[in-house]
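Q: pasting the structure only:
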C-alpha cells in the first residue's frame with residue numbers, strides 16, 4: 001500500500017510547497033503521528049488496515065519515545081558525572097596537555113561549568129576536563145620532628 005503524505009500538510013494548491021520546517025534526519029513523534037493519520041485517512045475502505053499492523057506501529061512509536069527518554073537520561077547522567085568528577089579535583093595536582101600541546105602540571109583551584117565540558121582552573125589556565133591526563137594528591141609538607149631532650 002502506498003502512502004500519500006502530501007495531505008499531511010493540509011489542502012494545498014498544486015505545486016505549492018509545504019510549510020517551512022527545519023529539516024531533520026530523525027522521525028519525531030509528530031511526524032510519526034502525521035504519517036499514521038494520513039495512512040488511516042487514505043486507506044482502502046474495502047481493505048482496511050489490519051488491527052495488528054496498527055498495534056505494531058503504535059508499539060514502535062511507544063518504543064521510540066522510550067528510547068528518546070532513555071537517551072536523554074543517559075546524557076544528563078553523563079553530564080552530572082563529569083561535573084562531579086571535576087568538582088572532586090579541587091585541591092588535587094593534575095597533569096594536562098595545554099592548548100600549545102605541552103604537558104603541564106598544577107593544582108586545581110576551581111571548576112567552571114560554563115562550557116559543554118567542565119573546565120578546571122590550574123593557576124590562571126582553564127583546562128577542559130577531558131585534557132586532564134593524571135591526578136595525584138598534593139604533596140604533604142613534612143615538618144621536622146624534634147625529640148625531647150633527656
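A: The structure has been received and is ready for your questions. Treat the numbers as computed from the prediction; the structure is a model and nothing was measured.
Q: beta partners of residue 132?
A: residue 96 (DSSP bridges).
Q: that one and residue 95 touch, don't they?
A: Yes. Counting by CB atoms under 8 Å, residue 95 is a contact partner of residue 132 at 7.4 Å. Heads up, the C-betas are built off the backbone N, CA and C, glycines and all.
Q: so what's the residue count around the residue nearest to residue 122 when sequence neighbours are not counted?
A: Setting aside the residues directly before and after it, residue 122 is nearest to residue 106 in space (CB to CB, 6 or more residues apart in numbering), at 3.8 Å. The local packing of residue 106 (other CB atoms under 10 Å) involves 16 other residues.
Q: same question, residue 138
A: Neighbour tally, residue 138, other CB under 10 Å: 10.
Q: after the longest strand along the chain comes which helix or strand?
A: Across the chain, the longest stretch assigned as strand under DSSP state E is strand 103-112. Once strand 103-112 ends, the next helix or strand along the chain (criterion: DSSP states H and E) is strand 119-122.
Q: in its sheet, what does that next one sit against?
A: strand 103-112 (antiparallel), strand 125-128 (antiparallel).
Q: so which elements touch the longest helix along the chain?
A: The helix that spans the most residues within the chain, counting by DSSP state H, is helix 51-87. Applying 3 or more CB pairs under 8 Å, 6 or more residues apart in numbering; DSSP states H and E, one finds that helix 51-87 contacts helix 29-41, strand 103-112.
Q: follow-up on the earlier one: look at the residue nearest to residue 122 and report its pLDDT.
A: You'll see residue 106 listed with a pLDDT of 93.
Q: got CSV for the strands paired with strand 119-122, with distance to residue 60 too?
A: Shown next, in CSV, are the strands paired with strand 119-122 (distance: least, CB to CB, whole Å):
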stretch, distance to residue 60
strand 103-112, 42
strand 125-128, 39
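Q: give me the contact list for stretch 80-93.
A: 105-111, 113, 117-120, 129, 132, 135-139 (CB atoms under 8 Å, 6 or more residues apart in numbering).
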